[in-house]
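K.L.:
fold the following, please.
(2 chains, ligands or ions: 4)
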Amino acid sequence: MQTIYTDFLVVGAGLAGERAAVEAADAGFSAICLSLVPARRSHSSAAQGGMQASLGNSVMGEGDCPDVHFADTVKGSDWGCDQEVARMFADTAPIEMRRLAHWGVPWNRVVPGKSIYYKGGKQFEKVEAKEKEGLIMARSFGGTAKWRTCYTSDGTGHAVMCTMDNRCAQVGVEVHDKTEAISLIQDGDTCYGVVARCLRTGELRVYLSKATMIAAGGFGRIYPNTTNAVICDGGAHTMCVDTGVVPMGNMEAVQFHPTGIVPTDILVTEGCRGDGGTLLDVDEKRFMDIYEPEKAELASRDVVSRWMTHHMREGHGVKSPYGEHLWLDIRHLGEEHITGKLREVYEICTYFLGVDPIHQLIPVRPTQHYSMGGVRTNRDGAAYGLKGLFAAGEAACWDMHGFNRLGGNSLAETVVAGGIIGRKIAEYLQGSETEFKTGLINDEVKKQQSRINALINGTNGSENIYKVRAAMQDALHKGANIFRNQDGLETCVASLQEALVRSKKVGLRSNGKGVNPELAAALKLEGQVKMALMVAYGALMRTESRGSHNREDFTARNDRDWLNRTLAYWKKADDTLPTLDYEPATEVVEIPPGDRGYGKSEIISADDKKE
Amino acid sequence: MSRLLKFNIFRYNPEDDQSTPHMQEFVLEETDSMTLFIALNRIREEQDPALQFDFCCRAGICGSCGMVINGRPGLACHTKTRDLPGEITLLPLPVFKLVGDLSVDTGTWFRDMYTATESWIHTTKEFDPDALEERMDNKDAVAIYELERCVECGCCISACGTARLREDFMGAAALNRVARFLIDPRDQRTENDYYEIIGNDMGIFGCMGLLACEDVCPKHLPLQNQLGFLRRKMGITSLKRIFRK
Ligand SMILES: Cc1cc2nc3c(=O)[nH]c(=O)nc-3n(C[C@H](O)[C@H](O)[C@H](O)COP(=O)(O)OP(=O)(O)OC[C@H]3O[C@@H](n4cnc5c(N)ncnc54)[C@H](O)[C@@H]3O)c2cc1C
Ligand code: SF4
Ligand code: SF4
Ligand code: FES
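P.N.:
Ligands and ions are numbered 1, 2, ... in the order given. Predicted structure coming up:
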């Protein structure tokens, strides 16, 4: 079996992983990124909108600065974030955007003079300043006080990902694509690397490293409906869960987006509603104006998603072979607007649905979109529980997003966190000497090989992987969705516990030879169900509503009892529930908890505690 | 009742000595808005769990799912079954190394390509974190992005007669990549530098100009214009080099 040594091993070649690897390589260390797919196919490249940094070059961004960005981020998080981290983030984002420009990102630039923009369906005019000509331009995004989102046309993620991957090639960071990490090599104290499976041949391979980073993106695929790529399956998280000592932070914080298209849940931008699109039900009637007379379709993401689900539950959904949905209507915006300002939406509808949005309604439903939770790290990106293990990007709970992340803040986080944590890792590597114990490595490989053999031979049973996976997804969909309550969550936890039992009895139907996709899915299933239980059980215990976590039976944000972060562990392999622990949301408080200025404002104050 | 679709799918698992290359038939009932992404996943989940194919974003933006669909290279995720006849033949992309069934290794090919073309900005300027960003004309930025939209799906390479005949031909995606840096004001390479990379039969002079590449490009990149642009530039550079000798 092949064994590969490197100073720095990154599980994931998205923006966060590659940015950190570049930093280590610049400091003279060897770095390898593993990835399921060629780096540029990582989900980072799917982001269209852009990334936030308070450059303040556009006239609509005048007066912007890291302080304003910081405040928006803390409010966005519903005070669930670590404010020290949010501060580092807001301060560093402008430097990272400029660095990306230096490396080759073709950011859209300020063009001086008059131009037109739309807001709430109405037309306005702005005049960009002559002295800002050629500096990085920004566009408007939800939840931000200023135009702060840097972009390249409607392909920001793609452009930045290309540049980052070019940079990796230039500085000698290796990317081993079609390689899947399946378990950590660790002794309960230190992490020494991973066992991986080659997705070209199916063979196992060992990677040994002084520092290992999890930068494997989100885990949206544990839900049935998600905007996430099929590779965002949490496989790398499950390696950490398996250790028993590395906790996941805030797993119950899951963001839903109102307009995923049906059947494939591809995202159509919030811009549709921003520009005046409306949501219709089975009778082709508007309904958001009934629930939210003021803001209607333009209420915040979590609010709109909640009402849409409610309305479908009341029996007003459109039935389809792919489940119920509602309609998005942009027909009244007209052909010019749709093929111009909403070109991407137009193409998505025509390519994927065979629907012409100029004349037809778009089928949409709220869809899982972003994982605020993940591998809990400290400010330096070091994972709790194991020395030599780090995490960054969507996979991590670093935690600048708290219970709700703002649009444009995730892509920015990948490069900011990748840079900051990459430097910390270079420091760590400078002082580190590691001994690799062959016994430990052999044991881990043997363990993985016997798992594989058991699946192929059906030693543990003959459960169908796809059916068990569907049962897990279905349970989350029903119980740990946009709306949550005690009954639903209890049922969800019980169904997931059943799925957990079944997941241990999976047997393959195919022969498991080579790059067998059934085997790949089976290897991560049990871990996925455990993660699903962390989501559901964490949500059941958190008796309040904060950001994306909404309890119908506990509607207030309760700062008195819940201004904290959930840490979920899977202490022993045969436990049937995660062990939950809590820590304060933030140690440094720059902005004390208050009203977000949008959404509902029922708050149980932290001051109530004193009496 | 909706159509019953008949799929003829190429099967071969190089890691299984029992396996030989052959075509296998699957039948599936068509549903509304069905794409090849939905169809292939259903075949895998319901009929043959070993079936290999690549999808990632399933939204036409990552380039994973290139395959030959009824004779033509394209992205499977944004191909709707309703635009196809009732019998659908799926083959892996040629030119790239086969991993198994419909899955090929585009990653190695493209990584080699950007090592060969040195696909990064060549500049002697150092980044200064305390300075404002260097200014750039928005028109340049837009023009660069237009070429950078390539998703490395490999369709153009698979459709290219030259690439099928000679392994060392760079193909339209690589030449497009060179053009992207050639027009970037931040890149300090000269035309002579680029000539070293593409001024030969493996590069721009190997292209027969038959347009198949642009025809199949799912991102509608202006490949023909770029090939023409490079041929002119490199032709002139070539003359200059002859006269200088
Ligand atoms: C449709 C969509 C649009 C979005 N738009 C925006 C936007 O406009 N602005 C914004 O700020 N955010 C946006 N986001 C969110 C943002 O794109 C992501 O959060 C971010 O790109 C995640 O980057 P990452 O580097 O953490 O991970 P990713 O880019 O997801 O990369 C993960 C990497 O890990 C690898 N990997 C995973 N598991 C394993 C394993 N077991 N072994 C080896 N490798 C593995 C993958 O192959 C991949 O290389 C959007 C998200 C979606 C879904
Ligand atoms: S025009 Fe050139 S690159 Fe394009 S397909 Fe023909 S030979 Fe290949
Ligand atoms: S140029 Fe077009 S066809 Fe060729 S790899 Fe890029 S996107 Fe695919
Ligand atoms: S799966 Fe990404 S382009 Fe088809």
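K.L.:
residues in contact with the nearest residue to A:His311 once chain neighbours are set aside?
P.N.:
Of all residues not flanking A:His311 in the chain, A:Phe287 sits nearest, at 5.2 Å (CB to CB, 6 or more residues apart in numbering or on different chains). (C-beta placed from N, C-alpha, C; glycine too.) When contacts are counted by CB atoms under 8 Å, 6 or more residues apart in numbering or on different chains, A:Phe287 touches A:279-281, A:307, A:311, A:316.
K.L.:
for those, could you give me JSON lines that also reports pLDDT and distance to ligand 4?
P.N.:
As requested, those are arranged in JSON lines below (pLDDT from 0 to 100; distance: CB to the nearest ligand atom, whole Å):
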{"residue": "A:Leu279", "pLDDT": "93", "distance to ligand 4": "28"}
{"residue": "A:Leu280", "pLDDT": "95", "distance to ligand 4": "30"}
{"residue": "A:Asp281", "pLDDT": "96", "distance to ligand 4": "31"}
{"residue": "A:Trp307", "pLDDT": "89", "distance to ligand 4": "32"}
{"residue": "A:His311", "pLDDT": "95", "distance to ligand 4": "31"}
{"residue": "A:His316", "pLDDT": "97", "distance to ligand 4": "33"}
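K.L.:
give me the element the residue of chain B found nearest ligand 1 is part of.
P.N.:
Chain B approaches ligand 1 most closely through B:Ala59 (7.1 Å), counting by CB to the nearest ligand atom. Using DSSP states H and E, B:Ala59 sits within no helix or strand.
K.L.:
how about residues contacting the helix or strand of chain A at the bottom of the mean pLDDT ranking?
P.N.:
Ranking every helix and strand in chain A by mean pLDDT, DSSP states H and E puts helix A:271-274 at the bottom, with a mean of 74. Outside helix A:271-274, the residues within contact range by CB under 8 Å, 6+ apart are A:118-120, A:258-259, A:279, A:297-298, A:304, A:328, A:330, A:341-342, A:345, A:362.
K.L.:
of these, closest to B:Leu182?
P.N.:
B:Leu182 has its nearest neighbour among the contacts of helix A:271-274 in A:Lys341, at 31.3 Å by CB to CB.
K.L.:
re earlier: separate out the buried members of the contacts of helix A:271-274.
P.N.:
When those are checked for burial by 16 or more other CB atoms under 10 Å in any protein chain shown, the buried set is A:118, A:258-259, A:279, A:297-298, A:304, A:328, A:330, A:341-342, A:345, A:362.
K.L.:
re the thing from before, and the gap between the residue nearest to A:His311 and ligand 4?
P.N.:
Separation of A:Phe287 from ligand 4 (CB to the nearest ligand atom, to the nearest Å) stands at 33 Å.
K.L.:
for residue 221, what are its contacts?
P.N.:
Since you didn't name a chain, this refers to chain A. By CB under 8 Å, 6+ apart, the neighbours of A:Arg221 are A:228, A:230, A:232-234.
K.L.:
the intended chain is chain B.
P.N.:
B:146-147, B:149-150, B:176, B:214.
K.L.:
is stretch B:81-91 in proximity to chain A?
P.N.:
Yes. Using CB under 8 Å from any CB of the partner chain, stretch B:81-91 reaches chain A at B:82-83.
K.L.:
where's residue 231, which helix or strand?
P.N.:
Since no chain was named, I'll use chain A. Assigned by DSSP H and E, A:Ile231 belongs to no helix or strand.
K.L.:
chain B was what I was after
P.N.:
Following DSSP H and E, one finds B:Arg231 within helix B:223-244.
K.L.:
only alpha carbons, please: show that helix as CSV.
P.N.:
Extracted C-alpha coordinates of helix B:223-244, given in CSV (Å, rounded to 0.1, in the frame of the first residue of the first chain):
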residue,chain,number,x,y,z
LEU,B,223,-13.3,29.5,-29.1
GLN,B,224,-13.1,30.2,-32.8
ASN,B,225,-12.3,33.8,-32.3
GLN,B,226,-9.6,32.9,-29.8
LEU,B,227,-8.1,30.4,-32.1
GLY,B,228,-8.1,32.9,-34.9
PHE,B,229,-6.7,35.6,-32.7
LEU,B,230,-3.8,33.3,-31.5
ARG,B,231,-3.1,32.1,-35.0
ARG,B,232,-2.7,35.7,-36.2
LYS,B,233,-0.6,36.7,-33.2
MET,B,234,1.6,33.7,-33.3
GLY,B,235,1.9,33.9,-37.1
ILE,B,236,3.3,37.4,-36.8
THR,B,237,5.6,36.4,-33.9
SER,B,238,6.8,33.5,-36.0
LEU,B,239,7.7,35.8,-38.9
LYS,B,240,9.5,38.2,-36.6
ARG,B,241,11.5,35.4,-35.2
ILE,B,242,12.5,34.3,-38.7
PHE,B,243,13.6,37.8,-39.7
ARG,B,244,15.5,38.3,-36.5
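K.L.:
what packs against that helix?
P.N.:
In terms of contacts (3 or more CB pairs under 8 Å, 6 or more residues apart in numbering or on different chains; DSSP states H and E), helix B:223-244 is packed against helix B:171-182, helix B:191-198, helix B:212-216.
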